[in-house]
Every structure is written in structure tokens, then in C-alpha cells.
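**Student:** After the sequence you'll find the predicted model.
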Amino acid sequence: MGHDPDWSTAKELDRRFEMRRMQDDVKRADIYAIYIHLGTMKRLWETAGRSGLPIRRCEEQALIRPYVNQQLKWEENRNKRKAAGLPPCAN
């Protein structure tokens, strides 16, 4: 028979992968992706016994939420203008 996989190693690799993706999002200034990653990565720290980290991730999400809303609104306006045959929004 085979060996059971080492899930702790897989979990640690997954954590590192997600952190690298978050760093890439920050470099690209992709606020929406950062917001999503903060929400999905809370699970990495929930079982670590460090209760402050998930709370901080929620607070960080709350800080950037207005910018996410602004970006979504801008994209919605851009799509409406495009559908109407108008030039795209300047900002």
C-alpha cells in the first residue's frame, strides 16, 4: 500500500502559493484581487491559534472596500458607455 500524503506540507505549500499571488496582486495594484485574497486567506490563520490575524484580515478588507466599490462602479459605467457606443470613461 502507499503512504498517506503529508497534508501539513501540502497546506504550507498552499499558503506560500497564496501569499505569492497576493504579492503579485499588490505589485499590479489589483485592489479587487487583493480584497478577494484577504477574504479567502483568513482560513489559513483561523486554526493557527492566532485569533488576531483573521480579525486583522477583516479590518484590512473593510479598509479597501470603498476602493473596490469605486472600481466596480467605474467598470459598470465603462461597460454601459461601451454598450451605448460611446467612448470609454476617462477615469
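**Tutor:** Nice, I can see it.
**Student:** my read: residue 64 touches residue 29, true?
**Tutor:** No: the criterion here is C-beta atoms under 8 Å, and residue 64 misses it with residue 29 at 11.2 Å. Any C-beta I mention is one placed from the backbone N, CA and C, and that applies to glycine too.
**Student:** between those two, who's got more neighbours?
**Tutor:** Per other C-beta atoms under 10 Å, whichever of residue 64 and residue 29 has more neighbours is residue 64, with 15 against 8.
**Student:** residues in contact with the more buried one?
**Tutor:** If a contact means C-beta atoms under 8 Å, 6 or more residues apart in numbering, then residue 64 has 31, 34, 35, 38 as its contacts.
**Student:** Sitting in helices, which of those residues do you find?
**Tutor:** The helices, defined by DSSP state H, take in 31, 34, 35, 38 from those.
**Student:** Make TSV from the contacts of residue 64 and add neighbour count, distance to residue 23 and pLDDT to it.
**Tutor:** Formatted as TSV, those follow (neighbours: other C-beta atoms under 10 Å; distance: C-beta to C-beta, whole Å; pLDDT from 0 to 100):
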residue	neighbour count	distance to residue 23	pLDDT
31	18	14	89
34	19	10	89
35	20	15	90
38	20	13	85
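**Student:** quick one: which of those is nearest to residue 88?
**Tutor:** Nearest to residue 88 out of the contacts of residue 64 is residue 31 (C-beta to C-beta; 19.1 Å).
**Student:** Give me the phi and psi for the residue nearest to the closest one when sequence neighbours are not counted.
**Tutor:** Leaving aside its sequence neighbours, residue 31 sits nearest to residue 67 (C-beta to C-beta, 6 or more residues apart in numbering; 5.0 Å). Reported as degrees, to the nearest 10, the phi and psi values for residue 67 are phi -70, psi -40.
**Student:** if we can go back for a sec, of the contacts of residue 64, closest to residue 84?
**Tutor:** Distance to residue 84, by C-beta to C-beta, is smallest for residue 31 among the contacts of residue 64, at 26.2 Å.
**Student:** isn't that closest one right up against residue 69?
**Tutor:** No: contact criterion C-beta under 8 Å: residue 31 and residue 69 do not qualify, at 10.0 Å.
**Student:** Next one: residue 82, what pLDDT does it get?
**Tutor:** For residue 82, the pLDDT comes out at 89.
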